[in-house]
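S.K.: have a look; sequence and predicted model below, questions after that.
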Amino acid sequence: MPDRPLLARQPILDKTQKVFAYELLCRPVPSETLEWQASNGNNATTEVVIGAIHEVGMSLVTGGLPAFVNFTEDWLAMDPLLSPADMVVEILEHIPLNEKNLKSVQSLRSKGYRIAVDDFTGSEDQAEWLKYADIVKVDLIGLKDIEDARVLINQYQRDDLTWLAEKVETHEEFEACKAMGYELFQGFFFSKPITLYGKRTPDSHLAVMQLLGVLNQTESDFDEITKVIRNDPQLSFRLMQIANSSAYNSGAPITSLQRAVTLLGLNKIRNWASLLALGKLSDKPAILQEQSLFRAYLAQNIAQYSKVLEPDIAFTLGLFSLLDAMMDTVLEDVCARIALPEALTQALVKHRGPYGLLLEAINAWEKGTPEKIQWDALVITPTELELCIENAIELSRATSGLLSQ
């Protein structure tokens, strides 16, 4: 188990599934009781904020978007380390509305900070905070029924209050809450496939799957990969751009695809081509590709500490771990269509083998349950994982920049 909290973040999306902000999370959180918050909450908040600012860099962690940060009673009374444009203050559900806390919140608002009421489920004590809030986060899991989310918005809505649905786990919940008037959404619904009853797979998705299949066949050689890329003008152009970027080339300009492939190497060209191929899925939210990219770099970084994991295979594992959501198809079917190696298919579909263990560890970190990580089997320490996470954030940001040029 980690000896200190791990920095984690969760995207907060708007109605178009564009990232609006990130919540910075302190992990592990062994308990959300009042007693735990009283004894550990200040340290947890400190770890998250200080870590994000000094160790990683807030602009890197959030990409310049606001950070939602949980505030304890003590932190409410302190001068925040971030500007009002960079941070939203979350009032935890255990914090009472008393004279001291109200004065602190009013002071923060007077300085321009936005206030969010966290984990709201309709409790009368929490409802007292709503008149001082800019955002209310409704905990769907804490409700008896999703229709209660409609009851809350009807009861407490006002023109200047933004409603955020959190712990949204399915597309159906997302669509239902959006129809009720919720404007912001937090949860893992975007990483789940949309069930398309009676609809065939779009041609664009089939074309991408065929391309991924050729790129990732174990028997494909240098010439075959180059031929596949050359037959796709857009892919060829983008790879030439990447090969000529300052990240990979500081010498004479690369003027041929053959030289670009030689410069980047077969494994890198395979990974970049797969990335660009997935980017063709224009009907999918950008956060889905960003999440896949982050997972790819995190898996690759962790694999470098292992004697049984290959970093390039780990990269592919992370990149393809959300293929079901990208293709709106059962993951096992996608793996079969693109003819992935059996070991990689078993890891993706059933979390078996050393690569399956790696994927489970990444899922545990994302969901804030690091106690489920098999640290000994991964042969990595919490401190090393923290470094892997920070580097993956940095690399995925840089790569996203190259892909969007």
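M.R.: Received the coordinates, thanks.
S.K.: now do the contacts for residue 111.
M.R.: Residue 111 makes contact with residue 84, according to CB atoms under 8 Å, 6 or more residues apart in numbering. Where you see a C-beta, it was placed from the backbone N, CA and C, and this is true even at glycine.
S.K.: should've said residue 356
M.R.: Applying CB under 8 Å, 6+ apart, the residues contacting residue 356 are 346, 347, 348, 350.
S.K.: okay, it: pLDDT?
M.R.: Looking at residue 356, its pLDDT is 95.
S.K.: any idea how far it is from residue 343?
M.R.: Distance of residue 356 to residue 343, given as CB to CB, to the nearest Å: 9 Å.
S.K.: and for residue 66?
M.R.: For residue 66, the distance to residue 343 - CB to CB - is 41 Å.
S.K.: more neighbours: these two, which one.
M.R.: residue 66 (19 against 15; other CB atoms under 10 Å).
S.K.: skipping its backbone neighbours, what lies nearest that one in space?
M.R.: Once flanking residues are discounted, residue 66 sits nearest to residue 21: 4.2 Å by CB to CB, 6 or more residues apart in numbering.
S.K.: just to be sure, the one you found is in a strand?
M.R.: Yes - when classified by DSSP: H, G, I helix; E, B strand; the rest coil, residue 21 is found to be part of a strand.
S.K.: that one bridge partners, please.
M.R.: For residue 21, the beta-bridge partners are residue 12 (DSSP bridges).
S.K.: enumerate every residue touching it.
M.R.: Residue 21 is in contact with 11, 12, 62, 65, 66, 67, 68, 88, counting by CB under 8 Å, 6+ apart.
S.K.: one more time with 10 Å
M.R.: Contacts were defined as CB atoms under 10 Å, 6 or more residues apart in numbering; by that measure residue 21 touches 9-14, 62-63, 65-68, 86-88, 114, 116, 135, 164, 184, 186.
S.K.: report the buried members of those residues.
M.R.: The neighbour count (16 or more other CB atoms under 10 Å) marks 9-13, 62-63, 65-68, 86-88, 114, 116, 135, 164, 184, 186 as buried among these.
S.K.: just the ones of those in helices?
M.R.: Within the buried ones among the contacts of residue 21, residues falling in helices by DSSP state H are residue 62.
S.K.: flag the shaky bits of the stretch 301-405 of the chain, pLDDT-wise.
M.R.: 401-405 (pLDDT under 70).
S.K.: who touches both of residue 356 and residue 343?
M.R.: Counting by CB under 10 Å, 6+ apart, the residues touching both residue 356 and residue 343 are residue 317.
S.K.: ok, back up a step: how near is the residue nearest to residue 66 to residue 116?
M.R.: 10 Å.
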